[in-house]
Structures are given as structure tokens and as C-alpha cells.
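Q: quick one, what's the 3D model for this:
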Amino acid sequence: MDSSPDSTLLSKNLDSPRHNASSTDRSRWRWRSVLLLAGLWLVIYAATMFTPPLLDDVDSLHAEAAREMLQRRDWVTLYTNGLRYLEKAPLLYWGMATSYELFGIHDWSSRLPLMLSVLALVLATYGMGRYAFGERGGLYAGLALVTSIGPYIFTRFLIPDVTVGLWLTLGFYLFLKALQQDPPGPWVCWGFATVCALNVLTKGLIGLVFPAGTILLFLLLTRNLRFLLKLHWISSSLVFLILAAPWHILAALRNPPSGDARGFLWFYFINEHINRFLNKRVPPGYDTVPLLLFWLLLFVWLIPWVVFLPQALRKVPLRLRRLGSALSLTEQGRLLCFLWALVILMFFSFSTRQEYYTIPALPAIALLAGDWLARERESDATSAERRQGRISARSLFVIGVIGFVVGMYLLFVSHPPQPGVDLADLLRKNPQDYDFSLGHMLDLTPQALGAFRGPLLGAAFSLLIGTALNFWFRQKSRVDAGNAALAGMMVVLLWCVHVSFVKFSPILSSHDLAVAIEENFQPGDLIVIDGQYHEASTLNFYTGIPVRVYHVPSGNLWYGAKFADAPHVFETSESLASLWNGPERVFLWTDQDNPQNLDGLKYFVLARSGGKQILMNHPLQEARANTL
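A: I've put the predicted structure just below:
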């Protein structure tokens, strides 16, 4: 055990899992760890949920589904823009609709349930790590998760993958507890059934596939399949069905085949589960990340803590002879976390995949990293663990120096944009990549980077200083201080990401255009999107007004439009021309400078922002004209 003094806050909060301590001391250390993790969550997540406005596409589309759920008081069938939206499980929308009911409809209340899921996930990861790897292992696992880049990026818009990770973490925590009981207690089994049901209500059948696949593989490798016979199958299945079945049954009953639609059951289970897995979903509406990149991103999303993962993986018991013997709780935890991440990666290796599909595997990687960081801290100053830690710190410092040099170069070649210049005018558009969740980032040019000089400077210096301090502290055998330096570096870096995200948001959101419409909208006016609905879904959410779509039925509204009672939403060239020449004022959203569908027709510009504009068929009074 290293006896060198450590004056950092982390060193005061940590408890070696192998120390003998009183229950009072253990409780004090536990609460200090919880407060530290909760404090980081407040600074990184809670403080950044108020800006920017919601984005077009999945962000405001999901928020609109929750708004209409509350408006209709229908907690079974999801609607978006007045059309059935049957492709998603309901739990994310239940959370947002409840938040709207309690706090009103705001950007921050839209994000609040997801932010609370992050906090719960971080604390669940700490709890599982504490159980399997000791106090330090749990704290370092939670620290790695709350300060890593992946969970932060993919909670900038409203997707449920972090919540999937929460239910998986709780489920595997309960499974580890069940393994230590002979026979497993009913409450542990019922708890596992509960979190599986909640996961199914969060993102469909993968809520069963991931935990079942991981646990079966674990029991097969450890030659312990007979453990399955000890579970309370009948009562646990009943708990699962009581929680998971009612919504599916009601959704099927309330959305039977109608018109050209084949009903909820076909669309939700066949099209959105089986066909999506086989890359035969109709309509496609997405692209797939190359396989090698998909695997690599699992580790990228845990930057900077991923540098400690190679030595952590070496401790996973994978030799067949070792697996056949009795594993300790710690070894079981390591193997379970490894298989947890592996099953998710393998599943999506044979399916369509987006960058964020690996997010539910990140708690497993964070737990493995936390376990190794705890062992490093507890080892002697001359141990192999300390030597490996110094090597990792050196590698990370080299990466930090490279990042600093690249950041300085980008600052050198970029120039502050002229006042009043729209950022969209400085971008190079790559629409072929927009089906990826981060596809718009490929639009950035050296000229556009001039708008991000402040956050770029902050990110470059935080990388250099954080990795340098980590290297120096580890050279001095002050592991806690090194980890604190990395955590502090990530707080600064993630805030730089947030500032950049706010600056870039006009490109990704039509919020400002929605405000311009709302200020000038009169009863009888129409809003039309020149393109697919998701390209300007913020217009629907922020105005609260159903929109028309100048496009063939496609995307998120395609299936809902097939039902016999579906309202008129989609316009053709002929119907749009008729509306344009009619007496009603039409507000047309477009991302085209000279829309071809208005050739030969007179139009007036209401507002421009983020490379998009609102055109009108009738002018406003001069005092009401507004250009953003």
C-alpha cells in the first residue's frame, strides 16, 4: 500500500475495499463518494440542461410525442404531429410527459428525466462497483462514467440509451447478488424481473435480449447452468408480465389494422425489431456505422479512462481452466462486465448500428476501469500496477500534447467570423452523412472553426494541463491526485463541448424560425415543411401547431399516415401550389436558397437562421416583418 500523502478531495473520500473499517466509517465514505459523484453530475449535466433549444429530428420529435401525450391524455398510443407514432417504447415519453405536467413545457423539463437517468446510472455503477470491487473500485467506476465523453454527447438529445444502460446495470448488480445466495432470494429475482420489464418499456425487446444473452453466456462459461433451476421463474415471470405486458396489449387493441396500416403488432415487433435487425426496415431512414468504427467507438466514448482498460482486461478470468473453478465475487464481476460489453457489440455487429448503440455497454467498461484503478491505488509504489499506470499516464500525456498542438493549429488557421455572418454560410454541407447522429459535425471548415475559438482554446489547454498533471502525479505515486486531475480536465473539456454545442445549435435547430412564425401566426395560417418532417420538427414542438409536409409520406410519419383516421399532412406539388395561391397565409420552411417548388410563384422572406429560411405567400405589414 502506498503511504505517500495525498491531499486531494478524492483521497479523503476513498476507502480501500480490503481495509477493515467500522460500519460508521464505511457509511461516511459511502456518502462522501455519493456526494462527490452527485456534485460532478450537477456541474456537468444538470447545469447544462437549460441550453440550447431542442434540435430538429429526434430531439424535438420525441419531445413533441410527449407533449401530445399530455395534451391528449393518452398514455398508450404515441402521436407526433397528429399522426400515430408507433415505433418506440413508451417509458421515455412517460417521463417527459410527467415532467411537463409538473413543471410545464420547457427545454429543461424535456431533458430533466434523461438527466435524472444519468444520475441514477452513475450511482448504480458506483453501487455495483462497490459491491464487486470495493469502495474505491465503485467510486472510480462512477467517476469514469460521469466524466467520460460518450454519455455526455449522447444525452445532448433525447434518446433512451443511457436509460437502457441504467436498467442493465441494476439487473447485473442483482444477478451478482443472486450468485452469492444459495438459493437466490425471491426479492432479488423479482427485482431482476422488474428492471428487465422497465428496459423492455424503454427500448423494446433488447431489454430482454441483452441481459439474457449475457447471463446465459456467463453461466455457460462458468459451467453453472444449473443455477437457472434455482431462480423463482413463475413468480418472476408474473412480475415481468404485470409490468411489461399491459402497455403492449393496450397498444395492440387501440391500434388494430386500419386503412393501409397493418396495426401496432406488425409495425412494432416485425418492422421495428426483426426488420431493423436484418436491415430490412421500411422505410430505412438511417445509415449504419462501419463495423470496425463501431467497435472502436465503444472505447472512444470512455475517453480518457480508456487508457487504463488494456491492463484491466488482462485481469478478466477467461482461461477455460480458471472458469471451471469457483470464481471470487471480484472475478465474477470482471467476467460479467466483459461479457456485458461483448454481447452488445456482437449483437449490433450483425445488425444496423448507430454511433450511440454502444452507450449501454459503457457502464461495463467503466466498471472494469474502476476496478483496475482501485488496484493501482492499493498497490505498492514499486508494483506492476503502478508501473502500468505510469505507462498509461505517459501515453495519455502524448495524446494530450498532440491534442494541444492540433488545437493550436486550428486556432492559427481559423479567423473570427465577421459580425452578423450566419455560421451556416461558413460550413461545407455533407447531406449524405446526416443520417448519422453526429453527421453534421463533418460540415465544419477552418473558416467555421473561427466561431469556436474560445472553446477550442479551453479544450486544448485543458487536455495539455490535465494529462500533464496526471502524468506528474502518477510519477510521484499520487494516484488519487492523478485521477482528480483527469476528472477536472474532463469537467472543463465537457463545458467546452457544451459551449460549442450551443454555438452550433442554430444549424441543428429551427427554434429561431419557430419563434418568428409564432410571433406572426394568425388563425387559419398554415405551416409547411419543404422536406421531411424531422428536418424541421422543432416548428411543430415550439409553436404547438400541426404542420404540413411537402414530401411523399416517409420517415417518422410514414406509417401513421396509413391509418384510416389520419389527418391530412402530406402535400404534393399541385396541392402546395393551390395553397400558395389561396387566401390563407402559408409559412414555408426550406433549407434551399431558391426552392424549385416555388418556381414562378411570388414569395416573401420572413426569417433566416442556420442556413434555413421561412418564406410566405402573402407579405406581413412592414412593422411585423422580421429577419433573424
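Q: model confidence for Val300, exactly?
A: Listed pLDDT for Val300 reads 89.
Q: can you check the one 3 residues further on too?
A: Confidence at Ile303, expressed as pLDDT, is 90.
Q: now do the contacts for it.
A: For Ile303, the contact set (Cβ atoms under 8 Å, 6 or more residues apart in numbering) comprises 148-150. Where C-beta positions appear, they are placed from N, C-alpha and C, glycine not excepted.
Q: hang on, it is in a helix, isn't it?
A: No - per DSSP: H, G, I helix; E, B strand; the rest coil, Ile303 lies outside any helix segment and is coil.
Q: quick check: the gap between it and Leu494.
A: 11 Å (Cβ to Cβ, to the nearest Å).
Q: one more: Arg223?
A: Counting by Cβ to Cβ - Arg223 and Leu494 are separated by 44 Å.
Q: for Gly458, same thing?
A: 11 Å.
Q: between those two, which one's more packed in?
A: Leu494 (22 against 18; other Cβ atoms under 10 Å).
Q: and the helices in the stretch 151-300 of the chain?
A: 161-179, 186-203, 206-221, 233-254, 263-265, 276-277, 291-300 (DSSP state H, counting those that start in this stretch).
Q: ditto for the stretch 301-450 of the chain
A: 309-313, 320-323, 329-349, 362-378, 384-413.
Q: Trp266: which of those is closest?
A: Proximity to Trp266 (Cβ to Cβ) singles out helix 329-349 among the helices of the stretch 301-450 of the chain, at 22.8 Å.
Q: which other helices and strands contact that closest one?
A: When contacts are defined as 3 or more Cβ pairs under 8 Å, 6 or more residues apart in numbering; DSSP states H and E, helix 329-349 packs onto helix 107-146, helix 161-179, helix 206-221, helix 291-300, helix 362-378.
Q: which other helices and strands does the last one contact?
A: It refers to helix 362-378. Judged by 3+ Cβ pairs under 8 Å, 6+ apart, helix 362-378 is in contact with helix 107-146, helix 161-179, helix 291-300, helix 309-313, helix 329-349, helix 384-413, helix 479-508.
Q: in TSV, list those along with distance to Leu606.
A: Below are the helices and strands packed on helix 362-378 laid out as TSV (distance: least, Cβ to Cβ, whole Å):
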stretch	distance to Leu606
helix 107-146	23
helix 161-179	37
helix 291-300	40
helix 309-313	52
helix 329-349	43
helix 384-413	36
helix 479-508	16
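Q: of these, which is nearest Thr358?
A: helix 291-300 (4.3 Å).
Q: by contact count, what packs against that closest one?
A: Contacts defined by 3+ Cβ pairs under 8 Å, 6+ apart place helix 291-300 against helix 149-153, helix 329-349, helix 362-378.
Q: tell me which residue is most central in this protein.
A: Phe154 (3.1 Å; Cα atoms, centre = their mean).
Q: test my guess that that one contacts Ile359.
A: Yes - here Phe154 lies in contact with Ile359, judged by Cβ atoms under 8 Å, at a distance of 5.4 Å.
Q: pull out the buried residues from stretch 578-586.
A: Neighbour-count burial for stretch 578-586 flags 579-580, 585-586 (criterion: 16 or more other Cβ atoms under 10 Å).
Q: right, I mislabeled it, should have said stretch 320-327
A: Going by neighbour count (16+ other Cβ under 10 Å), the buried part of stretch 320-327 is 323, 327.
Q: then that stretch to PDB, C-alphas only?
A: Presented in PDB, the C-alpha positions along stretch 320-327 are these (Å, rounded to 0.1, in the frame of the first residue of the first chain):
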ATOM      1  CA  LEU A 320     -11.200 -22.300 -19.500                       C
ATOM      2  CA  ARG A 321      -9.500 -24.000 -16.600                       C
ATOM      3  CA  ARG A 322     -10.000 -20.900 -14.400                       C
ATOM      4  CA  LEU A 323     -13.600 -20.500 -15.500                       C
ATOM      5  CA  GLY A 324     -14.300 -24.100 -14.400                       C
ATOM      6  CA  SER A 325     -13.300 -23.400 -10.800                       C
ATOM      7  CA  ALA A 326     -15.000 -21.300  -8.200                       C
ATOM      8  CA  LEU A 327     -14.600 -17.700  -9.000                       C
END
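Q: centre of the chain to it, how far?
A: Mean-position distance between stretch 320-327 and its chain equals 36 Å (Cα atoms, centre = their mean, to the nearest Å).
Q: from Ile206, how far off is the closest residue to Tyr100 other than its chain neighbours?
A: Leaving aside its sequence neighbours, Tyr100 sits nearest to Leu70 (Cβ to Cβ, 6 or more residues apart in numbering; 5.1 Å). Here the criterion is Cβ to Cβ. By it, Leu70 lies 27 Å from Ile206.
Q: if we can go back for a sec, looking at the buried residues of stretch 578-586, which one is closest to Pro417?
A: Closest to Pro417, out of all of the buried residues of stretch 578-586 and judged by Cβ to Cβ, is Val586, at 32.8 Å.
Q: which residue sits closest to Ile365, ignoring its sequence neighbours?
A: That would be Leu302: by Cβ to Cβ, 6+ apart, it lies 5.2 Å from Ile365.
Q: ok, which of the helices and strands packed on helix 291-300 comes nearest Leu620?
A: Using Cβ to Cβ, the nearest of the helices and strands packed on helix 291-300 to Leu620 is helix 149-153, at 39.7 Å.
Q: and that closest one, what other elements does it pack with?
A: Secondary elements touching helix 149-153 (3+ Cβ pairs under 8 Å, 6+ apart): helix 107-146, helix 291-300, helix 479-508.
Q: please work out which of these is packed deepest.
A: Sort the helices and strands packed on helix 149-153 by mean neighbour count, taking mean count of other Cβ atoms under 10 Å, and helix 107-146 sits at the top with a mean of 25.
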